[in-house]
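Trainee: give me the fold of what follows.
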Amino acid sequence: MGNAQSRNCGTMDHLHHLEQQDPSIHTRMQQIEEHTMRYIRESGNSERAVVTIPVVFHIVYRTSTENISAAQIQSQLDVLNEDFRRLNSDADNTWSQAADTEIEFCLATVDPDGNATTGITRTSTSVNGFGTNDRVKFSSQGGKDAWPASDYMNFWVCNIGGGILGYAQFPGGSAATDGIVCDYRYTGTTGTATAPFDLGRTATHEVGHWLNLRHIWGDGGCGVDDFVGDTPTSDGANYGCATGHVSCGSTDMVQNYMDYSDDACMNLFTTGQKSRMQALFGAGGSRASLLNSNGCGTPGGGGGGGGTCESNELTLTITLDNYPEETSWTVVDDNNTTVASGGTYGSFPDGSTVTEDLCLEDGCYTFTIFDSYGDGICCGYGNGSYSLTDASGTIASGGAFGSSDATQFCLGSGGGGGGGTCPTLDFNAYTITAYGGQDVGNSFSIQDGGATLFLEDNTWKYISYPYTVTANTVIEFDFQSTSQGEIHGVAFDNNNSISSNYSFRVYGTQNWGIGNYDNYSGSGWTTYTIPVGSFYTGSFDRLAFIADHDASPSNGNAYFRNVKIYEGSCGGARVIATETRQIDPDLGVKIHPNPTRGELYTSFYQQESRAVTVYVRDMLGRTLKVEELNATEGLNQVFFQVDDLSVGTYMMTIDDGYKAKHEKFIVID
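Mentor: Below you'll find the model as predicted:
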């Protein structure tokens, strides 16, 4: 097969191949697109540390010529760093939006087992031409298996054949095939590198795809978008170096790395392209786990810092649901710097358990767990859960949330004073009194020498406990229930009226009270640390405990153990706030008439009044319409005119920033 004379990228062909194998990739890519838009809207211009991506090169060769040298590999790595940091010697001022993407690449020094590595694997094969069907990514098919995509960018070099220079996998695909592939003749700047593609820009182009960039012309005509606002609209690819070429009423950006120009013509990414790439590394981003990789660290160090922790040791345990590829997490410090992260976990079996060890200095942090689909990790599609613990107990736990569940906490001296241990309530020292006229019996007992109060059968009790709740007040207790009732929780109060705005619900079937901590798994003991002062302050005279169940039979119960009330911190970790994004009523989006000839009505439910964004996309995920609406609590009905859309199938997405709802519709003649 002769050398290519015009650039030919196989990424879109590869995407179509993946869609045929796994149609759900379209949904995952759409979720990533929604996350990208939120990131750009909310934090696209914020400062962040430079991202460094560990790279492993897999050289798969049939002849000695295809077995390219380490020097050629290094030349390719050098080009990636120059191009992505805008340090390339051919950078010019033709386009003012040219940007330093603040993304760098390092050759891996640690392999997946923690051993030292050169960052290069070499595999002899009998295959003469791998094509774009991913055979090169599997040892069983004559290629080389990928290293974990959560820690490395896999870069395969082989004889692709067919005039294809390279191809990449967009975010959202399988971890087993994640990475980029370049033909050995179009890798680096020395050795086998072949003009006019001998300056390493094939890899720059393909890594752009791997970081969620589309071709500059959007793989369509003038009406098709590449999802970037500062790249001129174009009607197709440019070849050679067609500077000054005009299409769609503007000059084409033929120097952009995502066009099809020759290597010597390319020299920039734009600010808009930078934002799209950086979104992958923001909180909940699909490539955020790379921020926590030890791939370019010290052998034997392991992930999460490695070695012996001389500060605060924490353990994060995640039981995954049936969609582990949707789950990720971050720990961010007070400077909004990500100090630990993980996920997504697409390479893990459904329902498996992941344990992450963290080592954090004294200070205050925010732990956030994300679900990219917006339905948490329990309980619709598997019984997932998570817990973050330290030596003092549970810092955060749960599983039933929407798009994310965030907990702020402080460690050591950062906890705001106090330290030491706090006394637990001795229920034997108090009179247990019926509360609020709701209590229907005397079904309670004091257990564990006074440490535990047990309630059952629709029982509301309080103890006299004069206390001024300040902004720093925290209540901590262990909770367990062996029979779910309607409301299980605790409350401060200063009358006898059962105030829902003072009551914290941790379990139950009724939506009553403050529900931010309603995440009890249904079995075993769970420690709750609730920052009462983050919700209300004031003077109170009683502390109430609730095991409400009006239904017959009245058999709900609740155990409250080791109850502590304190200001600031108490020993190790202090939780200071929790935000749970609840799931919307799962009524989705209803569209009628469907199919439509140009007019349609959309109905959807909202839990509360808030701004929503409506997207209309085609089946390639390209955004065709965007509208901002002010939705009200309850049922919303909106009229849309879509007679400017061609005959075909489209996806409408309604995103309120917490959860996105989707529905397909069809336009007919």
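
Trainee: what residues sit buried inside stretch 555-564?
Mentor: Within stretch 555-564, the residues that qualify as buried by neighbour count (16 or more other CB atoms under 10 Å) are 556-564. Glycine gets a C-beta too; all of them are placed from N, C-alpha and C.

Trainee: those in strands, which ones?
Mentor: Cross-referencing the buried residues of stretch 555-564 against strands under DSSP state E gives 557-564.

Trainee: just put those in TSV and tack on pLDDT and distance to residue 49.
Mentor: Shown next, in TSV, are those (pLDDT from 0 to 100; distance: CB to CB, whole Å):
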residue	pLDDT	distance to residue 49
557	90	49
558	93	45
559	95	45
560	94	43
561	93	42
562	88	40
563	91	42
564	88	38
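
Trainee: between those, which sits nearest residue 242?
Mentor: Distance to residue 242, by CB to CB, is smallest for residue 564 among these, at 71.4 Å.

Trainee: mind checking how far that closest one is from residue 528?
Mentor: 11 Å (CB to CB, to the nearest Å).

Trainee: can you redo the ones in strands among the buried residues of stretch 555-564 as a markdown table with distance to residue 110?
Mentor: What follows is these, written out as a markdown table (distance: CB to CB, whole Å):
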| residue | distance to residue 110 |
| --- | --- |
| 557 | 51 |
| 558 | 48 |
| 559 | 46 |
| 560 | 47 |
| 561 | 44 |
| 562 | 42 |
| 563 | 46 |
| 564 | 43 |
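
Trainee: closest to residue 476 out of the residues you listed?
Mentor: residue 564 (4.4 Å).

Trainee: my read: the closest one touches residue 476, true?
Mentor: Yes. With contact defined as CB atoms under 8 Å, residue 564 counts as touching residue 476 (4.4 Å).

Trainee: residues contacting residue 388?
Mentor: Residue 388 is in contact with 314-316, 367, 394-397, 407, counting by CB atoms under 8 Å, 6 or more residues apart in numbering.

Trainee: secondary structure element holding the closest residue in space to residue 664 that isn't next to it in sequence?
Mentor: For residue 664, ignoring the flanking residues on the chain, the nearest one in space by CB to CB, 6 or more residues apart in numbering is residue 651 at 5.5 Å. Applying DSSP states H and E as the criterion places residue 651 in strand 648-655.

Trainee: which strands border that strand, and is each parallel or antiparallel?
Mentor: strand 610-618 (antiparallel), strand 660-667 (antiparallel) (DSSP bridges).

Trainee: what's that strand in contact with?
Mentor: 30, 34, 37-38, 589, 591, 602, 604, 612-619, 624, 642, 660-667.

Trainee: hmm, 7 Å instead?
Mentor: Under the criterion CB atoms under 7 Å, 6 or more residues apart in numbering, residues 34, 589, 591, 602, 604, 612-619, 660-667 lie in contact with strand 648-655.

Trainee: and residue 551, how many neighbours?
Mentor: Residues near residue 551, counting by other CB atoms under 10 Å, number 12.

Trainee: go on, residue 83?
Mentor: So residue 83, with other CB under 10 Å, has 27 neighbours.

Trainee: then residue 28?
Mentor: 22.

Trainee: next: the one 3 residues further on.
Mentor: Burial measure for residue 31: 21 neighbouring residues, criterion other CB under 10 Å.

Trainee: repeat that for residue 124.
Mentor: So residue 124, with other CB under 10 Å, has 12 neighbours.

Trainee: with residue 597 instead?
Mentor: Using other CB under 10 Å, residue 597 is surrounded by 12 other residues.

Trainee: report the contact partners of it.
Mentor: Residue 597 is in contact with residue 668, counting by CB under 7 Å, 6+ apart.

Trainee: let's go with 10 Å and repeat that
Mentor: By CB atoms under 10 Å, 6 or more residues apart in numbering, residue 597 lies in contact with 642-643, 647, 667-669.

Trainee: go on, residue 426?
Mentor: By CB under 10 Å, 6+ apart, the neighbours of residue 426 are 446, 449-451, 563.

Trainee: repeat that with 6 Å
Mentor: Contacts here follow CB atoms under 6 Å, 6 or more residues apart in numbering; on that basis residue 426 touches residue 450.

Trainee: which residues in the stretch 101-250 of the chain form strands?
Mentor: Taking DSSP state E, counting those that start in this stretch, the strands of the stretch 101-250 of the chain run over residues 103-107, 120-124, 153-158, 166-168, 180-183, 246-247, 250-251.

Trainee: show me which residues of the strand holding residue 651 are buried.
Mentor: Applying 16+ other CB under 10 Å to strand 648-655 flags 650-655 as buried.

Trainee: and these, which is closest to residue 289?
Mentor: Closest to residue 289, out of all of the buried residues of strand 648-655 and judged by CB to CB, is residue 655, at 23.8 Å.

Trainee: and the closest one, how far from residue 628?
Mentor: Relative to residue 628, and taking CB to CB, residue 655 is found at 11 Å.

Trainee: which neighbours do these two share?
Mentor: Among the neighbours of residue 655, those also in contact with residue 628 (CB under 6 Å, 6+ apart) are residue 613.

Trainee: quick one: contacts of stretch 221-234?
Mentor: 97, 214, 216-218, 235, 247-248, 250, 252-253, 270-273, 622.

Trainee: mind giving me the PyMOL select for these, buried ones only?
Mentor: Remark: buried members of the contacts of stretch 221-234, expressed as a PyMOL selection using 16+ other CB under 10 Å:
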select buried, resi 97+214+216+217+218+235+247+248+252+253+270+271+272+273+622
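
Trainee: so for the protein, the centremost residue is which one?
Mentor: residue 284 (2.2 Å; CA atoms, centre = their mean).

Trainee: and that residue, what are its phi and psi?
Mentor: phi 80, psi 0 (degrees, to the nearest 10).

Trainee: just the element for the nearest residue to it once chain neighbours are set aside, please.
Mentor: Nearest residue to residue 284, sequence neighbours excluded (CB to CB, 6+ apart): residue 370, at 3.7 Å. Assigned by DSSP H and E, residue 370 belongs to strand 363-371.

Trainee: pLDDT of that strand, averaged?
Mentor: Strand 363-371 shows an average pLDDT of 84 in the prediction.

Trainee: helices or strands next to that strand in the packing?
Mentor: Here strand 363-371 touches strand 327-333, strand 404-411, going by 3 or more CB pairs under 6 Å, 6 or more residues apart in numbering; DSSP states H and E.

Trainee: please convert those strands to a markdown table, extending it with mean neighbour count and mean pLDDT.
Mentor: Output for these, formatted as a markdown table (neighbours: other CB atoms under 10 Å; pLDDT from 0 to 100):
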| stretch | mean neighbour count | mean pLDDT |
| --- | --- | --- |
| strand 327-333 | 23 | 84 |
| strand 404-411 | 23 | 78 |
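
Trainee: which ones are touching residue 143?
Mentor: By CB under 6 Å, 6+ apart, residue 143 lies in contact with 60, 135-137.

Trainee: can you do 7 Å?
Mentor: 60, 123, 125, 130, 135-137.

Trainee: ok, for residue 478, nearest residue in space, not its chain neighbours?
Mentor: Distance criterion CB to CB, 6+ apart; nearest residue to residue 478, sequence neighbours excluded, is residue 561 at 4.1 Å.

Trainee: pull the contacting residues for the one you found.
Mentor: 448, 451-452, 477-478.

Trainee: thinking again about what came up before, what are the bridge partners for the residue nearest to residue 284, then?
Mentor: In beta-bridge terms (that is, DSSP bridges), residue 370 pairs with residue 328, residue 404.

Trainee: quick check: which element contains the nearest residue to residue 215 once chain neighbours are set aside?
Mentor: Residue nearest to residue 215 in three dimensions, not counting chain neighbours: residue 258, with 5.5 Å by CB to CB, 6+ apart. Counting by DSSP H and E, there is no helix or strand that carries residue 258.

Trainee: ok, residue 258 - how many residues close by?
Mentor: Using other CB under 10 Å: residue 258 sits among 26 other residues.

Trainee: that one is in contact with residue 206, isn't it?
Mentor: No. Checked against CB atoms under 7 Å, the pair residue 258 and residue 206 is beyond contact range at 10.0 Å.
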